[in-house]
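1. Need coordinates for the following:
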Amino acid sequence: MTVTLAHTPRFETERLILRAPEASDWEAAGPFLVSERARHIGGPFTATQAWREYAQDLGHWVLRGWGLFTIEDRATGQTLGCAGPYHPEGWAENEFGWSLWRPESEGKGYAREAVERLRAYAYGELGWTTAVSYIDADNAPSIALAERLGCRLDPDAPLPKADGWEDLAPGEVLVYRHPAPGKVAA
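-> Okay, here's the model as predicted:
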């Protein structure tokens with residue numbers, strides 16, 4: 001039996017399907033979370049920690065009614081990663097997050113395509129008026145993506161007050177502010 005989150009939005013873009021996570025996505029998410037590639041989101045995690053991280057993202061949907069969407073390739077059905085609105089306990093502001101779980105998915109514009117569509121969803125249907133992305137200062141590809149999305153560095157934005165964040169040195173995490181609704185370039 002396959003269990004899925006019910007009554008969740010599903011979007012399609014030119015190349016992607018953006019949908020709520022499913023149990024089968026663990027097959028792609030798990031190896032990413034235990035790998036060195038997860039270093040910019042707090043990893044690499046042990047297998048147990050990875051399971052908890054993934055379960056937390058699923059639980060976010062139940063508690064908030066929205067969360068990170070799974071990015072799926074429309075042509076192949078392959079699970080590529082996740083992106084979308086995020087605001088767990090302790091977060092200072094609404095966030096747009098993203099990660100691509102397969103190295104071969106990077107550099108193809110998938111994350112940008114997903115975030116642009118999901119930002120429209122959050123600003124429209126969720127009624128958000130602002131959002132940030134918290135980015136590891138060493139994550140050059142995500143910084144470049146934030147800038148391509150029209151985000152600007154916001155040095156005055158507060159960081160989350162959550163486990164692990166209190167140990168960060170100043171400048172380890174950068175806060176990029178997304179353009180306000182109506183200011184997003186088409």
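2. Using PDB, write down the CA coordinates of the longest strand along the chain.
-> For the chain, the strand reaching the highest residue count under DSSP state E is reported as strand 79-86. In PDB, the C-alpha atoms belonging to strand 79-86 read as follows (Å, rounded to 0.1, in the frame of the first residue of the first chain):
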ATOM      1  CA  THR A  79      12.600  12.400  -8.600                       C
ATOM      2  CA  LEU A  80      15.100  15.200  -8.700                       C
ATOM      3  CA  GLY A  81      14.900  16.900  -5.300                       C
ATOM      4  CA  CYS A  82      12.700  19.300  -3.400                       C
ATOM      5  CA  ALA A  83      11.800  23.000  -3.200                       C
ATOM      6  CA  GLY A  84       9.200  25.300  -1.800                       C
ATOM      7  CA  PRO A  85       7.800  27.100   1.100                       C
ATOM      8  CA  TYR A  86       9.100  26.200   4.500                       C
END
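3. how far is it from where the chain is centred?
-> Relative to the chain's own centre, strand 79-86 is displaced by 5 Å; criterion: C-alpha atoms, centre = their mean, to the nearest Å.
4. helices or strands next to it in the packing?
-> strand 16-19, helix 26-33, strand 69-73, strand 95-100, helix 110-124 (3 or more C-beta pairs under 8 Å, 6 or more residues apart in numbering; DSSP states H and E). Yep, even glycine has a C-beta here, placed from its N, CA and C like the rest.
5. ok, and what's touching the shortest one?
-> Which is strand 16-19. The list of residues contacting strand 16-19 from outside it, by C-beta atoms under 8 Å, 6 or more residues apart in numbering, reads 8, 10-12, 69-74, 80, 83-84, 110, 113-114, 117-118.
6. Name the stretch among the helices and strands packed on strand 79-86 that sits most buried.
-> Mean neighbour counts were compared across those using mean count of other C-beta atoms under 10 Å; the top stretch is strand 69-73, at a mean of 25.
7. and that strand, which strands flank it?
-> Within its sheet, strand 69-73 is paired with strand 16-19 (antiparallel), strand 79-86 (antiparallel), according to DSSP bridges.
8. Report all helices and strands that the lowest-mean-pLDDT helix or strand in the chain contacts.
-> Across the helices and strands of the chain, mean pLDDT, DSSP states H and E gives its lowest value to helix 47-64, namely a mean of 95. Other helices and strands packing on helix 47-64, by 3+ C-beta pairs under 8 Å, 6+ apart, are helix 26-33.
9. Please compute how far the helix it packs on lies from its chain's middle.
-> Chain-centre distance of helix 26-33: 15 Å, with C-alpha atoms, centre = their mean.
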